[in-house]
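**Q** Would you be able to build a 3D model of this:
(one chain, ligands or ions: 2)
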Amino acid sequence: MAAREPTKMEGKGFFEETRERLDARDPQTIGILVALLVGLVTLILVFIFSRKRKFGRGILICGSCDAGKTTLLGQLLKGKPLETYTSMKENSGVLLLDGKKPVNIVDIPGHERIRDQILNKYSGSARGIIYVVDSAAVSKQIRNDEKFIKVLLFH
Ligand SMILES: Nc1nc2c(ncn2[C@@H]2O[C@H](COP(=O)(O)OP(=O)(O)OP(=O)(O)O)[C@@H](O)[C@H]2O)c(=O)[nH]1
Ligand SMILES: [Mg+2]
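**A** Ligands and ions are numbered 1, 2, ... in the order given. I've put the predicted structure just below:
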């Protein structure tokens, strides 16, 4: 039996063959490549939009000095307000919730000089923020609250 004549494209590498088909403007090859490209772009977009930001399990208690943050933390963790002093470092504890995963609750000191660095330490693991305002000192603290809330929003 006579050996079959190799076709023009046989014996060439895949990429070389594809390039030659593209040079020859083969509609089938162009169609397959466009479909592959569309599929790839769709996969990338689905990956980007479905990627959820991973939140930690931290709740940060923030607010100005003497707003009542440590008092609130004591109330949440121990069920009673604790005797407090101006916090110079964070206080934290694990809050157990019915039927939910426990959350790590952190009281960030209100002192302007230390709060930002402590905030940096915990912001990455934060799921939510409780901002405490002392209703008896709103007018006194309003500027500080405004500044701190801006820091939190743009953090
Ligand atoms: N009566 C009353 N006193 C409160 C309340 N919350 C806080 N205090 C008092 O206010 C003072 C300051 O409270 P803290 O909880 O220490 O304030 P903080 O926000 O932790 O302040 P820093 O640690 O300085 O940022 C304490 O003497 C508390 O007993 C409240 O709801 N009612
Ligand atoms: Mg405190």
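**Q** Please identify the residues of this structure in proximity to ligand 2?
**A** Counting by C-beta under 5 Å from the ion, the chain comes close to ligand 2 at 69, 70, 87. C-beta here means a position set from N, CA and C on the backbone, and glycine is covered the same way.
**Q** Confirm that residue 74 sits in a strand.
**A** No. Assigned with DSSP: H, G, I helix; E, B strand; the rest coil, residue 74 falls outside any strand and is helix.
**Q** show me what contacts it?
**A** When contacts are counted by C-beta atoms under 8 Å, 6 or more residues apart in numbering, residue 74 touches 80, 81, 82, 84.
**Q** try residue 155
**A** Contacts of residue 155 (C-beta under 8 Å, 6+ apart): 119, 123.
**Q** circling back: okay if I get the contacts of residue 74 as a markdown table plus secondary structure?
**A** Formatted as a markdown table, the contacts of residue 74 follow (three-state DSSP):
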| residue | secondary structure |
| --- | --- |
| 80 | coil |
| 81 | coil |
| 82 | coil |
| 84 | coil |
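**Q** all helices in this protein, in order from the N-terminus.
**A** Along the chain, the segments classed as helices by DSSP state H run 14-23, 27-50, 69-78, 112-123, 138-153.
**Q** packing partners for the fourth one?
**A** When contacts are defined as 3 or more C-beta pairs under 8 Å, 6 or more residues apart in numbering; DSSP states H and E, helix 112-123 packs onto strand 58-63, helix 138-153.
**Q** weakest of those by average pLDDT?
**A** Across those, the stretch with the lowest average pLDDT is helix 138-153; it has a mean of 90.
**Q** Pass me the low-pLDDT residue ranges in this protein, would you?
**A** Applying pLDDT under 70 to the chain flags residues 1-11, 51-55.
**Q** Kindly recompute the last result at 50.
**A** 1 (pLDDT under 50).
**Q** who in it is up against ligand 1?
**A** The interface of the chain toward ligand 1, taken as C-beta under 6 Å from any ligand atom, is made up of 63, 65-71, 84, 86-87, 109-110.
**Q** CA atoms only: put stretch 126-133 into PDB for me.
**A** Provided in PDB are the C-alpha atoms of stretch 126-133 (Å, rounded to 0.1, in the frame of the first residue of the first chain):
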ATOM      1  CA  ALA A 126     -11.100  43.200  62.600                       C
ATOM      2  CA  ARG A 127     -14.600  42.200  61.500                       C
ATOM      3  CA  GLY A 128     -16.300  45.200  63.100                       C
ATOM      4  CA  ILE A 129     -15.900  48.400  65.200                       C
ATOM      5  CA  ILE A 130     -17.900  49.600  68.100                       C
ATOM      6  CA  TYR A 131     -17.300  53.400  68.400                       C
ATOM      7  CA  VAL A 132     -18.100  54.600  72.000                       C
ATOM      8  CA  VAL A 133     -19.100  58.200  72.600                       C
END
